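Asker: quick one, structure for this:
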Amino acid sequence: MHKREATHPLSSELQYLNKKTEKFLVNGTHFPQVPFDIGESYSGLLPNTPHGNSSLFFWFFPSSNPAADQEITIWLNGGPGCSSLDGLLQENGPFLWQSGTYAPVRNPYSWTNLTNVVYIDQPAGTGLSPGPATVQDEIDVSNQFNDFWKRFIETFSMQGYKVFITGESYAGQYIPYLAAGMLDQNDTTHFNLKGIQINDPSINEDSVMIYAPAVAALNYFDRLFGLNDTFMAEINKKSESCGYNKFLDEALTFPPPKDFPVAPEPYQDDCDLWDQIVKAATYVNPCFNMYHLTDFCPFLWDQMGFPSLAGGPNNYFNQTTVQQALHVPITDYSVCGGDIFPNGDGSVPSALGPLPSVIERTNNVLLGHGWFDYLLFMNGSLATIQNMTWNGKQGFQYAPIEPLFVPYTDALNADANGNVQAPYTADAGAGILGTAHTERGLTFSTVYGSGHEIPQYVPGAAYRQLEFLLGRIKNLQERGSYTTQ
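Answerer: Model (predicted):
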């Protein structure tokens, strides 16, 4: 087992501090605008050469959980071009500053309670990673990331550590290609990949992920939309004539049909129904949020500067003091931006490429989905699964209906009995909060109250899913407490 280098006077107090890492050490007791100690962390830039010609930004938070020794979990946001600092500050980091809140708070559901976590802005040109982007496809993304990752492992003396990759949205494209690239290295010293988790993933063509399920989801949530009877009748008529209803009926069967249907083409015969629904929904609710159906006006002020209309007077990670604290040069930071693929992503969707192989080679892949996401639909992911073949069979053989159980906590019990604590952080529900189904190394889990970003909206469910990915619990139906908190 590799032993971490310990050659710094403070190394007995800080797990990963040594001569190689001291230049990355973040002053956690005086981090800008955060009124508490955020703990041990390291941030900065490491090169992505020779495949790239720049550097990638990382922010690494060690865990004090003994079970986290010898493992590291990567978090990636998607976009393409969206910064993983969004996930840190508003989803699963050790401190949160979420939309509409006055100040940062500690996150009782921080993923660092479970495991060592590193947030990475990639490819180059994303977030605090200097550009310009030079990637043409996901193979380029993987090669540049692996050049960076080997340096990260060497810098923090993590040779042999188990690696888990997690993320959301367009990370559904990134992560399977990154995972395949790591596995192809045949190098468990630096690339000891043990599993991946992707929430609300972009893994297939838009025809399957967005357009085919749009009207069915509208019908299910019709009271949230409040669209008039004339529009509802017309859009349902189009869904039938465009062939979306027939496609879903055939695709969402268990086991899947031998001759799997092809999703209709959305950009012909007035079949761009998702676009038509979003336009109509915006007339009714000008603050319609495709990422979270239950939102309404006004937009909440957001420290990340997203959406831009609600960004308020300061974009937190664009502040000079914050960037200096993170050891990066002054950067015009945007949470989502940059022309990452100037000519488009040249790779096929990950479900049609490396994802089945990654399932077979790790037997530990979790796809999560929020029910209130109206951009990437859970039935789109499920239809994609039913058309994939892995470990000798196509799709799920049984309907994915088993419950997702999330533990109750003392803080939640106190809240339910009227003993509300300030600041309010007991915002993770408990009980049966969704579904979770596993076959042949692939788990599909849906979360009832969540939008596009599961750790943001239902942090207890996201925390539970991570426990399962890390092997701390046997299944997502397991009762009992969290393994640590």
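Asker: look through the chain and tell me its longest helix.
Answerer: As far as residue count goes, and with DSSP state H defining each element, the longest helix of the chain is helix 138-155.
Asker: can you list the strands that whatever helix or strand comes next after that one pairs with?
Answerer: Along the chain past helix 138-155, the next helix or strand (assigned with DSSP states H and E) turns out to be strand 162-168. Listed by DSSP bridges, the sheet partners of strand 162-168 and their directions read strand 71-76 (parallel), strand 192-199 (parallel).
Asker: right, and the ones you listed - which one's nearest residue 403?
Answerer: Proximity of the strands paired with strand 162-168 to residue 403 was assessed by Cβ to Cβ; the nearest stretch is strand 192-199, lying at 18.5 Å. Yep, even glycine has a C-beta here, placed from its N, CA and C like the rest.
Asker: ok so, going back, now distance to residue 146 too, for the strands paired with strand 162-168, in CSV please.
Answerer: CSV is the format used below for these (distance: least, Cβ to Cβ, whole Å):
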stretch, distance to residue 146
strand 71-76, 12
strand 192-199, 11
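Asker: out of the ones you listed, which comes closest to residue 155?
Answerer: Smallest distance to residue 155 across the strands paired with strand 162-168 (Cβ to Cβ): 12.0 Å, for strand 71-76.
Asker: pull the distance from the closest one to the chain's centre.
Answerer: Counting by Cα atoms, centre = their mean, to the nearest Å, strand 71-76 is centred 11 Å from the centre of its parent chain.
Asker: which residues sit against that strand?
Answerer: Here strand 71-76 makes contact (Cβ atoms under 8 Å, 6 or more residues apart in numbering) with 84, 87-88, 92, 111, 115-120, 122, 158, 161-167, 171, 174-175, 194, 466, 470.
Asker: what about the helices in the stretch 251-400 of the chain?
Answerer: When secondary structure is read from DSSP state H, counting those that start in this stretch, the stretch 251-400 of the chain shows helices at 273-284, 320-325, 355-362, 378-386.
Asker: buried sites along the longest one?
Answerer: Buried residues in helix 273-284, counting neighbours by 16 or more other Cβ atoms under 10 Å, are found at 273, 274, 276, 277, 280, 281.
Asker: same check on the third one?
Answerer: Judged by neighbour count (16+ other Cβ under 10 Å), helix 355-362 contains these buried residues: 355, 356, 358, 359, 360, 361, 362.
Asker: that older thread, which among the buried residues of helix 273-284 gets closest to residue 185?
Answerer: Checking those against residue 185 by Cβ to Cβ gives residue 274 as the nearest, at 38.7 Å.
Asker: residue contacts, the spatially closest residue to that closest one that is not a sequence neighbour?
Answerer: Closest residue in space to residue 274, ignoring its immediate chain neighbours: residue 214 at 4.0 Å, by Cβ to Cβ, 6 or more residues apart in numbering. Listed by Cβ under 8 Å, 6+ apart, the contact partners of residue 214 are 239, 244, 273, 274, 277, 374, 377.
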